[in-house]
Each structure stands twice: as C-alpha cells, then as structure tokens.
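# Just need the structure, nothing else, for what follows:
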Amino acid sequence: MAPMNIDNIIRYVCATLIYSNIFLFPLSGFCQTDPKAAEPEEPKGEEPFKEVQIDLKGNYFRGTLPFDEPFIIKGEKSANFIKIVTKYLEAKEIKDFCTIIDTTKVFGSMGCTDKASCWTNVNYWQNNENLIVPKENENDNFSIMVDELKPNRFYKFYFGFQRKLSKNERDAVKELVRTNLQKDISSVGKKVDFVFSNKQIDDIINNTEESLSNFIRPLKIDFKKENRQKQSFDANLAQTIKDIAYNLFNINSNSKEDFIRNSEALKIHQRNLPKKGLPEFIHLKLEDLTNRTLDEKLLNSKDLNLFINDYEVFLNELSMFSKRNRKNLSTSTSQTINKITSVLPNLIRIAKDYSALSNQGVELLNQEAERLVSTISDIIILESIVSGNSIGNFQARAKYYFSADLGVAVLPQINKASPYLGTNIYFAPVNKEKPLKWNNPCKISFEEWSRNFGRRASILIGISMTSLAEPEQRTDLIGSFNLLTGGGIRIADAVRINGGVIWYEKMNANPLMSNSRIKASPFASLSFDIDVRTVFNKLFNTVPEIQNNFIN
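Reported below is the predicted structural model:
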C-alpha cells in the first residue's frame, strides 16, 4: 500500500471528486447515460413570479417559501370573501417565536420592542367583482403578492379573511341583537325617569358585542375603537336606547296618569250606577285593570299584548253597555252616563298609546338589529396562522449553495490556457432570480453587506477539460484531467472571475528516476454559469470517459 503522503492525498481527493461526481452534485441527474432517463426539459414561457400554494384546511404552505424575490401566495377562497389581509412574523429559529401568537392582538398596535413579535404588513387581496368579471369555469382563488423574504428563516403568516354574513347568519345575528337589546334595556330601564348614563349605555353595547363574538366563533368581529363602522354602531345604538327611554317616560308619565285619573272617575261613577244596570263582570274588570301597575316591567313583558287586548275588550263592553242601557237607567244617572261616555275616548287613546309604545319599541329594536347586521356584515374576520420557512430540503439547499460554471483558466507559469468545468460553493444561499447589484458599503448595514458578500464569493472546485501534459516535464493528474481549486467573485449575474491553483504531476528531471510529485500552478480565470445537465447530456459524454480513464 502506498504511503499516505500529500501527493497521494491529492490524487485520492481528485479521483473521488471525479468518480463520484460530488463536485457536480447540485443538479443531480446530469450524469445519466441513458437519454430516456434524463429529466424532461422545463416548458418555455415561465411565469413572471413564483407561486406558492396555501392549504387553509391544514394551515400549511405546499412548498418552501422563495427568498430574495417577490412571489405570489395562491389559495382557494369562498365566494363571499371581500378582502384578505396578510401579515407575517420572521425568526431565525423556531424558538425565537418567544410568545404565543394571539390573533386577537393582530388588529392592535403594530409597535413592539421584540423584533421577533413584530408583524410585517403584506399586500392584500380585495374582491374587485365590479372591475373584473370572472371567466366561466375559472377557479375561485385569491392571489397575494409578497415582497422579498430572507433566506434560512422561519415565518408565521397571519391571514385575516374578511367576508360577508350568510343569510342564515344575518337572521340569527339580528334576532340575537334584538333579544339582547330588549333584555338589557329592560334591566337597565327600571329607573322611574328612564334616564340612562353613558356607562349603562356602554355596558349594553359591550354585552351585545360580546354575545355576537361568542355566537360566531371561530370568527371574530373587528370591533376596535378606530373602526368608523363601530363608532357609527355605538352612536346609533345609544340614540335608539335614548329614544326608547324617552318614549317610555312620556307614555308612562302622561298616559299612566290619565289612565289612573279616568279609572278613578269610572270607579266614582260606578258607585252611582244601579248594580242591576251594570253587569258584575264590568265591576270586576275595571277593578282588575285599575289595580295593575303600568310600569316599564309590564311594558317589556310578554303579558303586554294580553293586557292591551283585555283593556280594549273592557272599553268596548263599557261603550256598548252605555249605549244599550242608557234608556233603562234612571234620569238621575244620565249625567253619570254622559261622564262615562266622555271618559271612553281618553281610555281608548291611552290603550292606543300603550299599543303604539309596544310596536315602536319592537320596531326600534328591529331597526337597530338590522343596522348592526349591516354594520358587521363586512367586518367579519376569519383568522388563520400558517407556518412556513425559506430553508427547504436537502436538494433545495444544494441548489442554492452550489452552482456549475464553464470557464477558461490562464496558467502563466506554464504558459498554457485550459477550459474547465467547475462547481462553486457559496457561503450563503443564492437565488439567481434576484439581480446582482452593487451597493455602497457605507450606506448599508453590516448584515446586508455580509449577505451580499456571501451571494458573490464562492469556493471553486473543478477539472480541466484539456490535457496539460508535456513530455519529460509533467503529466495530467488522472487520465487527461487536472484538479482546480480556488475561489471566485461574481461580477454579474452569470459572470465570475476566479483565482487559485491547478494540480498536476511534475515528472522527475532525472530520466533514470520514474517517480513524480504533485505540483500546483496558479491560475486566473473568467467563467460563466451553465446548466450542467445540458452540457453533459448534449455536448459531452463525459462520465463514461472519466470512468474509463480512471479505471485504465
């Protein structure tokens, strides 16, 4: 076994690189000898932006998030979607998301001290159905453009799907609002003067909003104070409550007083009427009605309509009795009958007042419920948090860290030039879709400068494509190939200048000695990025040749 000196180590490294094609790893599949096994070429006419599909049911992205280039998030949407708002968090490690993301705070202040918890705004999707008419059989999808992300980062995207209420939801919300408002107004309005404080009105509004938020879980309503629709709702509801309270106060303070006064007059006149002329049930009905408490509790109870009906029946019976029995009464009671008859219109008016109050209260509540439904119809938010990253799997990372190029190396010491095929290993992931730009280092941060340097600088490993052998001077390292090592800098998107050394075997100057040593000669080169599969599958039959030379 040959000793493991530096010459043998270099030979073994070169042979291993060539034979295993490690230096061409980033685009695996280029070395297939069977043309049928080669991957099909990508169709021409590429889309201007990459698209990443999102699965909202599973809350994940179908693929790695691109970096250093704008891209489009695309997903399915419901027909009643109005707008989709997107934000994201960025972190170098999963653990850097130091706090649990509370989606209820997304609509709050964006200010924060911890960089990992700051939301970055993204473009949004909005339904422009009046501007763009969907094509027939067109998929119901949304598309959101996202600006450049950083490589090797973890992301959490927030999606707020603003949508309309369905008909069933509108009906249910309306009934819920009406019921809650009626209950709250009844509970708060037990004061005699029906004057509500601002705090009591705020409590009614807050209770209504809380009931709605609980009702439409897991949806939420954007009820932040800055929302103009919310302010409009608060003002309208407060005015409605005051209107109901005002009417309750006037009806109860005026009509109740009239009712009691007229009822008392009837009771006085009743004592002057002969018992045989006035049926007993009218006495009982009158006594029952006058003893009722006509307060706000009665007005908001389910018995209100029954009371009004009984009231109107009694008044009708009283009127019919007066007309029917007037001639049978003694002349001494005619004046009393006349007075009773004059009282009837007042009592009928009072009954109508109470009936109108009931109808008005119901109508006001219905109007406010409908107004609230219309207000929140366009601010219903369905929230979702979707995780993703710009790291990718092993094959994706290899594509970003490795590239192949074809260049010409100039070797001044031996007065030769040789084309070569090489692989560049970058210090940072490189997305070639992003144009290479020169930035003033004084005007950018150190992090950005280091990223730019990592996207430009690379380590070079390659093999020469022509022989450097000279009789009695040098031979090629393996077969007709030699190893190149060094480094390079990208000066344009696909152009690079490189420098390093090329390794070959130096023959012993003594013709009697057959041993040789591995030597290095400096080189400078200019190279261009290439598609390795195209080169190897169409221009060269390189792999079999390398293998045959190595074996021989």
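# domains of the protein?
6-39+393-551, 65-164+381-389, 170-377 (automatic domain parsing).
# and residue 121, how many neighbours?
11 (other CB atoms under 10 Å). Backbone N, C-alpha and C define where each C-beta goes, glycine included.
# which residues does it bridge with?
Counting by DSSP bridges, residue 121 is bridged to residue 87.
# repeat for residue 385
residue 158.
# was I right about it contacting residue 160?
No: Residue 385 lies out of contact with residue 160 (CB atoms under 8 Å); the separation is 10.5 Å.
# So for the two, which sits in the more crowded spot?
Neighbours per residue (other CB under 10 Å) separate residue 385 from residue 160, with residue 160 holding more: 19 against 14.
# Could you export stretch 390-408 as PDB, CA atoms only?
C-alpha atoms of stretch 390-408 as PDB (Å, rounded to 0.1, in the frame of the first residue of the first chain):
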ATOM      1  CA  SER A 390     -37.300  29.700   3.400                       C
ATOM      2  CA  ILE A 391     -34.900  26.800   4.200                       C
ATOM      3  CA  GLY A 392     -36.100  24.000   2.100                       C
ATOM      4  CA  ASN A 393     -35.000  20.300   2.000                       C
ATOM      5  CA  PHE A 394     -31.600  19.000   1.100                       C
ATOM      6  CA  GLN A 395     -32.000  19.100  -2.600                       C
ATOM      7  CA  ALA A 396     -33.400  22.700  -2.500                       C
ATOM      8  CA  ARG A 397     -30.500  23.800  -0.300                       C
ATOM      9  CA  ALA A 398     -27.900  22.200  -2.600                       C
ATOM     10  CA  LYS A 399     -29.400  24.200  -5.500                       C
ATOM     11  CA  TYR A 400     -29.000  27.500  -3.600                       C
ATOM     12  CA  TYR A 401     -25.400  26.700  -2.300                       C
ATOM     13  CA  PHE A 402     -23.900  25.100  -5.400                       C
ATOM     14  CA  SER A 403     -23.600  26.200  -9.000                       C
ATOM     15  CA  ALA A 404     -21.700  24.900 -12.000                       C
ATOM     16  CA  ASP A 405     -19.800  27.100 -14.500                       C
ATOM     17  CA  LEU A 406     -17.700  26.800 -17.600                       C
ATOM     18  CA  GLY A 407     -14.500  28.900 -17.800                       C
ATOM     19  CA  VAL A 408     -11.100  29.400 -19.200                       C
END
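# Mind checking the pLDDT average for it?
Confidence for stretch 390-408, expressed as mean pLDDT, is 80.
# What are the buried residues along that stretch?
In terms of neighbour count (16 or more other CB atoms under 10 Å), stretch 390-408 has its buried residues at 390-392, 397, 399-407.
# Next: stretch 482-490.
Quick answer for stretch 482-490 (16+ other CB under 10 Å): 482, 483, 484, 485, 486, 488, 490.
# any idea how far residue 149 lies from residue 434?
11 Å (CB to CB, to the nearest Å).
# which neighbours do these two share?
residue 68 (CB atoms under 8 Å, 6 or more residues apart in numbering).
# Tell me the buried residues in stretch 405-420?
By neighbour count on 16+ other CB under 10 Å, the buried set for stretch 405-420 is 405, 406, 407, 409, 411, 414, 416, 418, 420.
# Doesn't residue 472 belong to a helix?
No: secondary structure of residue 472 (DSSP: H, G, I helix; E, B strand; the rest coil): coil, not part of a helix.
# Please identify which helix or strand holds residue 367.
Secondary structure from DSSP states H and E places residue 367 in helix 334-376.
# from the buried residues of stretch 390-408, which is closest to residue 122?
Of all those, residue 390 has the smallest distance to residue 122: 14.7 Å, by CB to CB.
# and the closest one, what does it touch?
64, 65, 66, 67, 149, 150, 151, 152, 153, 155.
# Grab the nearest non-local neighbour of it.
Nearest residue to residue 390 in three dimensions, chain neighbours excluded: residue 67, at 4.2 Å (CB to CB, 6 or more residues apart in numbering).
# just checking, that neighbour touches residue 146?
No: judged on CB under 8 Å, residue 67 makes no contact with residue 146 at a distance of 10.6 Å.
# next structured bit after the helix or strand containing residue 405?
Assigned by DSSP H and E, residue 405 belongs to strand 402-411. Next along the chain after strand 402-411, taking DSSP H and E as the criterion, comes strand 416-426.
# Packing partners of that next one?
Under the contact definition 3 or more CB pairs under 8 Å, 6 or more residues apart in numbering; DSSP states H and E, strand 416-426 sits against helix 394-401, strand 402-411, strand 457-464, strand 483-490, strand 495-507, strand 516-529.
# Identify whichever of the ones you listed lies nearest to residue 171.
That would be helix 394-401 among the helices and strands packed on strand 416-426, by CB to CB, at 50.2 Å.
# Show me what that closest one is packed against.
Using 3+ CB pairs under 8 Å, 6+ apart, helix 394-401 sits against strand 416-426.
# Quick check: closest non-adjacent residue to residue 59.
In space, residue 59 is closest to residue 386, 5.0 Å off (CB to CB, 6+ apart).
# what's the one you found in contact with, if anything?
54, 56, 59, 60, 61, 156, 157, 159.
# in the stretch 151-300 of the chain, what spans have low per-residue confidence?
184-197, 201, 205, 208-209, 211-238, 240-300 (pLDDT under 70).
# Ok, the stretch 1-150 of the chain next?
1-47, 95-119, 124, 127-139.
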